[in-house]
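Visitor: Structure for this input, please:
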Amino acid sequence: MLVGSLVATGAAALALLSLVPAYVELWAGYSDSQSQVASSEPNSPETGVRDEIKRAENILLRIEPVAAATTSPAKVIQRALALRPNSVRIESLSFASKDGLLLLTGQAAREGVSAYREALSASSDFTGVSVPVGALLGVEGGKFTISVQVK
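Guide: All right, here's what the predicted structure looks like:
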C-alpha cells in the first residue's frame, strides 16, 4: 500500500515537473516582451497592438514543442505501471522525455520479470523493452532494471 502511494506521489511530481518548462517559457517570453514594450515609445495606438501580437506569437513559438508533445510523462508511467504483474514490485522509476526512455527498477522473481517484459513488449505504447539477461535468469537476487522506449 505504501509503495503504491509512493509511486502515485512520484507520478504526480513528474507530471508537475513536466509543466515547469512551459511555465518558464511563458514567463521568459512575457518579461522579454514587457521590456521591449517599455523601451519603445508608442507612436500610435497601432504600435501597442502590434507589440501585443508579436508577444503572443513569441509565446506560441516558445511553448509549441511542449504543447505538441504526444504523451505526457504521467500517462507513460501510468501505462507502464498498469501492465505490471502483481508479483513485481517497482522501487524507482525515471523518465527522460527528450529520449523517450523510461527506466523501471524493482524486485521480482524471474518469472515476474519475464511476464512484465512480455507485457510491455506486447503494448502498442512502447517500441523497445530491454532487460539485462541476469535479471531474466534470476541471478541478481530478484533485482531488475527494465528500460522501455516510448513511442
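
Visitor: what are the ranges of the helices in this protein?
Guide: 2-39, 45-67, 73-82, 110-122, 133-137 (DSSP state H).

Visitor: Can you tell me which of these is nearest to Leu103?
Guide: Taking C-beta to C-beta, helix 73-82 is the member of the helices of the chain nearest to Leu103, at 10.2 Å. Yep, even glycine has a C-beta here, placed from its N, CA and C like the rest.

Visitor: That closest one - what's its average pLDDT?
Guide: Here helix 73-82 scores 86 as its mean pLDDT.

Visitor: Any regions of the protein where pLDDT drops low?
Guide: Along the chain, segments meeting pLDDT under 70 span 1, 16, 22-46, 63-71.

Visitor: and it, what are its domains?
Guide: 2-67, 73-150 (automatic domain parsing).

Visitor: from those, which stretch is densest packed?
Guide: domain 73-150 (a mean of 17; mean count of other C-beta atoms under 10 Å).

Visitor: hmm, back to that, okay if I get the helices of the chain as TSV plus distance to Ala96?
Guide: Output for the helices of the chain, formatted as TSV (distance: least, C-beta to C-beta, whole Å):
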stretch	distance to Ala96
helix 2-39	11
helix 45-67	15
helix 73-82	9
helix 110-122	17
helix 133-137	20
